[in-house]
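[1] Whatever this is, show me its structure:
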Amino acid sequence: MKHTDKRFEAFDTVVQMKFDQPIRLGTIIKGPFEVEKCDHYHVKWIWEHPTEFKSTTLPGNTDLICDTESRKYRYAKAY
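    Numbering: from 1, shown residues only. Predicted coordinates for the structure are as follows:
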């Protein structure tokens with residue numbers, strides 16, 4: 001994983017990607033908060049891919065994300 005430098009601000013719309021497919025869309029509501037040299041944000045999700053999220057996670061929930069990238073998952077600004 002690599003550290004990225006404050007890419008998002010409050011009210012940015014972000015998308016969570018799994019490989020090259022979008023799996024969640026949301027709005028940054030707070031952040032960034034630096035914890036152990038990594039930026040964290042509170043996100044309110046407005047859409048989630050139905051086959052990726054079969055748990056108690058529902059659109060409209062607020063979640064804490066960490067702005068790191070892996071080969072499988074990443075966050076990006078939605079345009």
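[2] Can you list the residue ranges for strands in the chain?
    Secondary structure of the chain (DSSP state E): strands at 2-3, 13-18, 21-35, 38-48, 62-66, 68-69, 73-77.
[3] Kindly check the end-to-end length of stretch 44-63 for me.
    Stretch 44-63 stretches 6 Å from its first residue to its last (CA to CA, to the nearest Å).
[4] Do me a favour and average the pLDDT over that stretch.
    If you average the pLDDT over stretch 44-63, you get 76.
[5] In contact with K44, which residues are there?
    Neighbour list for K44: 26-27, 29, 60-62 [criterion: CB atoms under 8 Å, 6 or more residues apart in numbering]. C-beta here means a position set from N, CA and C on the backbone, and glycine is covered the same way.
[6] Mind pulling up the pLDDT for Y41?
    On pLDDT, Y41 comes in at 96.
[7] ok, now which ones touch the closest residue to it other than its chain neighbours?
    Distances taken as CB to CB, 6 or more residues apart in numbering place G31 nearest to Y41, at 3.3 Å, with adjacent residues excluded. Counting by CB under 8 Å, 6+ apart, G31 makes contact with 8, 10, 39-42.
[8] Now neighbour count and distance to D67 too, for those, in TSV please.
    Compiled in TSV, the contacts of G31 are given as follows (neighbours: other CB atoms under 10 Å; distance: CB to CB, whole Å):
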residue	neighbour count	distance to D67
F8	20	7
A10	12	14
D39	19	4
H40	17	7
Y41	24	7
H42	17	12
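[9] Go through those and name the one nearest E69.
    D39 (12.0 Å; CB to CB).
[10] how near is the closest one to F53?
    According to CB to CB, to the nearest Å, D39 and F53 sit 23 Å apart.
[11] And I28, by the same measure?
    Plainly put, I28 is 19 Å away from F53 if you go by CB to CB.
[12] cool, A10 as well?
    With CB to CB as the criterion, A10 and F53 are 24 Å apart.
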